[in-house]
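Peer 1: compute the structure for the input listed below.
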Amino acid sequence: MSGNLQTIEQSYDDFIEEFKLDPSLTLLSKNCLSLLNEYAQLNGQNLLFQMISQSGQSHQPNFAIAVLLNDRQFPAEFASTKREASIQAAYKVLYQLSLDARQNQRFNLDKDCTLFDRIASEILSKYRDLCVSVQLELIGCKVLAGFVLEQCNEQTFSVISLATGNKCVGGSVLSSQGLVVHDSHAEQLARRGFLRFIYEQIDCFNQNQESIFEKSHEDKLILKSTIRIHFYTSFAPCGDSALFSPRDKIIEASIKDEHECYRTARTQGQLRSKIENGEGTIPTDPKSSILSLDAIANGKHVRHMSCSDKIFRWNVLGIQGALLSHLIQPIYLYSITIGFPFHYGHICRALCCRLQDYFHSNMLPESYRLNHPRIGHTRLKWKEEINRNNNSYNSLNWNLRDRTIELIEPSTGRRKPNNEVSRLCKKELFQLYKMIQSTDQKNYYQMKQTSLIYQQCKYQMFRGFELYYATGWISKDPSLSMFL
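Peer 2: Next comes the predicted model:
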């Protein structure tokens with residue numbers, strides 16, 4: 001028994017040490033008392049600190065304080081002041097809540113689990129590991145997304161990046177120097193974190209170190225054939241992916257080779273943009289356009305393309321984007337795992353099949369293709385789904401290169417708590433590029449434009465949406481990207 005008690009105490013001591021060193025405490029500007037109070041509010045529980053007893057002399061008192069969460073009473077803690085006893089009691093409650101959460105969030109998979117459950121398990125477990133205590137759960141994010149790398153020859157899976165969030169900036173904070181993260185939706189932040197990892201892997205290859213890349217016949221780097229990239233999102237991406245009626249039957253998907261371009265309404269398949277400072281999406285105009293800064297200054301809302309449309313773009317142009325296309329061949333997803341809601345036909349349409357007829361008769365240049373990843377639903381639920389109405393909207397990101405948590409305030413597109421530049425902004429990613437490759441004094445916009453085949457494919461895709469769905473892609477004013 002004494003051995004078991006010692007183990008428990010050691011576990012608590014480790015928890016306290018990690019808790020006090022956890023950078024997210026500083027990011028959130030919280031202490032254990034405020035964290036516990038916010039936890040109770042978010043979960044609709046009554047929190048009470050109750051003094052059980054007071055003993056000792058007046059000059060050396062000893063207070064016993066116990067915490068009650070609804071009808072659950074936690075053991076009392078003792079200290080020489082009421083505040084210190086309350087702090088110690090709060091620590092013990094947070095410790096127990098952490099144990100409860102870890103127990104509830106164990107993702108045990110059987111040997112017959114699907115690929116999609118395996119990918120979801122990797123992301124959900126990594127997120128849980130990042131939650132040293134309950135404080136990260138108080139961020140209140142609505143969507144969790146991430147990238148997983150599979151090494152087929154070793155049969156291993158590694159989380160490369162993950163992020164939470166579902167908000168975008170407004171027009172008043174746009175930066176012409178690339179210092180603001182415009183889109184803080186989880187899917188887009190996770191991709192930016194993935195790109196930071198890609199830059200590291202390119203550098204490893206150049207230094208003759210172990211890398212996921214090898215040389216291609218075109219003298220660019222190419223992903224090794226033993227490497228697969230998987231994507232997970234806990235919620236159907238905003239835009240076309242979510243445009244189906246609750247009456248549509250939820251189709252549990254095993255791995256399928258054939259996709260379906262499933263449509264039950266005229267509006268399905270259209271490009272859509274996110275609503276500034278809100279949730280939801282609206283169809284874009286019939287022709288592709290550039291949203292100018294003058295229009296924004298005159299009161300026009302900033303319109304960011306929906307996550308469904310951006311993921312579709314990944315499946316045409318690759319995840320790497322225009323800049324990295326100077327250095328590497330397109331990187332395509334092997335699979336996409338979706339949480340809830342899910343409908344196989346609608347998701348396939350939105351993420352890759354909307355323009356399959358168009359690309360069948362308008363072939364893309366060599367190295368590019370319309371990618372049809374394996375798409376499926378996971379039965380593993382992210383716990384935040386039950387708490388999608390809280391009012392905290394900070395966006396969290398983590399990646400394997402940096403190995404630290406960063407919080408972004410979506411309304412400013414900057415890092416918390418000091419309004420600093422995020423490592424995911426365009427400026428920071430451009431700096432990583434310049435550390436590897438000379439730009440000959442070209443700015444960010446110019447470097448992207450000189451990726452000629454990539455740009456050709458992009459405008460070919462834009463034309464397809466105009467022809468088939470009478471909706472156009474909205475691009476940001478080039479002046480927002482003309483920084484060095």
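Peer 1: report all helices and strands that the host helix or strand of Ser34 contacts.
Peer 2: Using DSSP states H and E, Ser34 maps to helix 32-42. Secondary-structure packing of helix 32-42 (3 or more Cβ pairs under 8 Å, 6 or more residues apart in numbering; DSSP states H and E): strand 47-57, helix 82-104. Using the backbone N, CA and C atoms, a C-beta is placed for each residue, glycine as well.
Peer 1: list the buried residues for the shortest one?
Peer 2: Think strand 47-57. Across strand 47-57, burial judged by 16 or more other Cβ atoms under 10 Å covers Leu47, Phe49.
Peer 1: what about it, average pLDDT?
Peer 2: Computed over strand 47-57, the mean pLDDT rounds to 92.
Peer 1: would you mind pulling up the elements that that strand packs against?
Peer 2: helix 32-42, strand 60-69, helix 82-104.
Peer 1: quick one: buried residues of the first one?
Peer 2: Same thing as helix 32-42. By neighbour count on 16+ other Cβ under 10 Å, the buried set for helix 32-42 is Cys32, Leu33, Leu35, Leu36, Glu38, Tyr39, Ala40, Leu42.
Peer 1: please apply the same query to the last one.
Peer 2: Counting neighbours by 16+ other Cβ under 10 Å, one finds that the buried residues in helix 82-104 are 85-98.
Peer 1: circling back to that earlier point, dump the helices and strands packed on helix 32-42 into TSV; add distance to Ile375 as well.
Peer 2: Putting the helices and strands packed on helix 32-42 into TSV (distance: least, Cβ to Cβ, whole Å) gives the following:
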stretch	distance to Ile375
strand 47-57	43
helix 82-104	28
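Peer 1: one step back: angle of the helix holding Ser34 against helix 82-104?
Peer 2: Using axes from the mean of the first three to the mean of the last three Cα atoms, to 10 degrees, the inter-axis angle of helix 32-42 relative to helix 82-104 is 50 degrees.
Peer 1: rounded mean pLDDT for helix 32-42, please.
Peer 2: pLDDT averaged over helix 32-42 gives 83.
Peer 1: for stretch 215-229, same thing?
Peer 2: For stretch 215-229, the mean pLDDT works out to 94.
Peer 1: buried ones in it?
Peer 2: For stretch 215-229, the buried set under the neighbour-count rule, 16+ other Cβ under 10 Å, comprises Lys220, Leu221, Ile222, Leu223, Ile227, Arg228, Ile229.
Peer 1: all strands for the stretch 151-300 of the chain, in order.
Peer 2: 156-164, 213-215, 221-223, 227-235, 272-274, 281-283, 289-291 (DSSP state E, counting those that start in this stretch).
Peer 1: where are the low-confidence patches of the stretch 301-450 of the chain?
Peer 2: The stretch 301-450 of the chain contains residues with pLDDT under 70 at 383-393.
Peer 1: what ranges do the strands span in the stretch 351-484 of the chain?
Peer 2: Using DSSP E, counting those that start in this stretch, strands in the stretch 351-484 of the chain cover 374-377, 395-399, 406-409, 414-415, 474-476.
Peer 1: please name whichever of the ones you listed is nearest to Asn62.
Peer 2: strand 406-409 (39.1 Å; Cβ to Cβ).
Peer 1: with only the CA atoms kept, save that closest one in CSV.
Peer 2: Extracted C-alpha coordinates of strand 406-409, given in CSV (Å, rounded to 0.1, in the frame of the first residue of the first chain):
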residue,chain,number,x,y,z
GLU,A,406,1.6,28.8,-29.8
LEU,A,407,-1.7,30.7,-29.2
ILE,A,408,-3.1,33.1,-31.8
GLU,A,409,-5.7,35.7,-31.2
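Peer 1: in its sheet, what does it sit against?
Peer 2: Neighbouring strands of strand 406-409 in its sheet, by DSSP bridges, are strand 395-399 (antiparallel), strand 414-415 (antiparallel).
Peer 1: check contacts around Arg349.
Peer 2: Neighbouring residues of Arg349 by Cβ atoms under 8 Å, 6 or more residues apart in numbering: Asp240, Glu260, Cys261, Tyr262, Arg263, Gln268, Gly269.
Peer 1: run a quick neighbour tally on the second one.
Peer 2: Here the neighbour count serves as a burial measure; for Glu260 (other Cβ atoms under 10 Å) it reads 16.
Peer 1: could you check how far it is from Thr471?
Peer 2: Noted for Glu260: a distance of 21 Å to Thr471, by Cβ to Cβ, to the nearest Å.
Peer 1: same question for Arg349.
Peer 2: According to Cβ to Cβ, Arg349 stands 14 Å off from Thr471.
Peer 1: pretty sure Thr404 contacts Trp398?
Peer 2: Yes: using Cβ atoms under 8 Å, Thr404 makes contact with Trp398 at a distance of 7.1 Å.
Peer 1: among these two, which residue is more densely surrounded?
Peer 2: Neighbour count, other Cβ under 10 Å: between Thr404 and Trp398, Trp398 has more, with 24 against 12.
Peer 1: residue contacts, the residue nearest to Gly339 when sequence neighbours are not counted?
Peer 2: Excluding the flanking residues, the one nearest Gly339 by Cβ to Cβ, 6 or more residues apart in numbering is Ser234, at 4.0 Å. Contacts here follow Cβ under 8 Å, 6+ apart; on that basis Ser234 touches Val143, Leu144, Ala145, Ala186, Gly339, Phe340, Lys381, Trp382, Glu384, Glu385.
Peer 1: and the furthest pair within those residues?
Peer 2: The span of those, defined through Cβ to Cβ, is set by Ala186 and Lys381 at 15.6 Å.
Peer 1: more neighbours, those two?
Peer 2: Comparing Ala186 with Lys381 by other Cβ under 10 Å, the one with more neighbours is Ala186, at 27 against 14.
Peer 1: can you pull the pLDDT of that one?
Peer 2: What the model reports as pLDDT for Ala186 is 95.
Peer 1: from Arg192, how far out is it?
Peer 2: Ala186 is 11 Å from Arg192, where distance means Cβ to Cβ.
Peer 1: what is the burial count for Arg118?
Peer 2: By the measure other Cβ under 10 Å, the count of residues near Arg118 is 19.
Peer 1: wait, isn't it in contact with Gln155?
Peer 2: No: using Cβ under 8 Å as the test, Arg118 is too far from Gln155 to be in contact (10.7 Å).
Peer 1: quick one: mean pLDDT for stretch 154-172?
Peer 2: Stretch 154-172 comes out at a mean pLDDT of 93.
Peer 1: which positions in that stretch come out as buried?
Peer 2: 157, 159-171.
Peer 1: could you check how far the most far-flung residue of the chain relative to its centre is from Ile436?
Peer 2: Distance from the C-alpha centroid of the chain, by Cα atoms, centre = their mean, peaks at Gln57 (54.9 Å). Counting by Cβ to Cβ, the gap from Gln57 to Ile436 is 69 Å.
Peer 1: enumerate every residue touching the nearest residue to Leu429 once chain neighbours are set aside.
Peer 2: Nearest non-adjacent residue to Leu429, counting by Cβ to Cβ, 6+ apart: Leu195, 6.0 Å away. Contacts for Leu195 were tallied using Cβ under 8 Å, 6+ apart; they are Ile319, Gln320, Gly321, Leu324, Leu429.
Peer 1: which element, helix or strand, includes the closest residue to the second one other than its chain neighbours?
Peer 2: Nearest residue to Gln320, sequence neighbours excluded (Cβ to Cβ, 6+ apart): Ile331, at 5.0 Å. Using DSSP H and E, no element contains Ile331; it sits outside every helix and strand.
Peer 1: Arg463 and Asn362, how far apart?
Peer 2: Distance of Arg463 to Asn362, computed by Cβ to Cβ: 8 Å.
Peer 1: having no further points to raise, I will conclude here.
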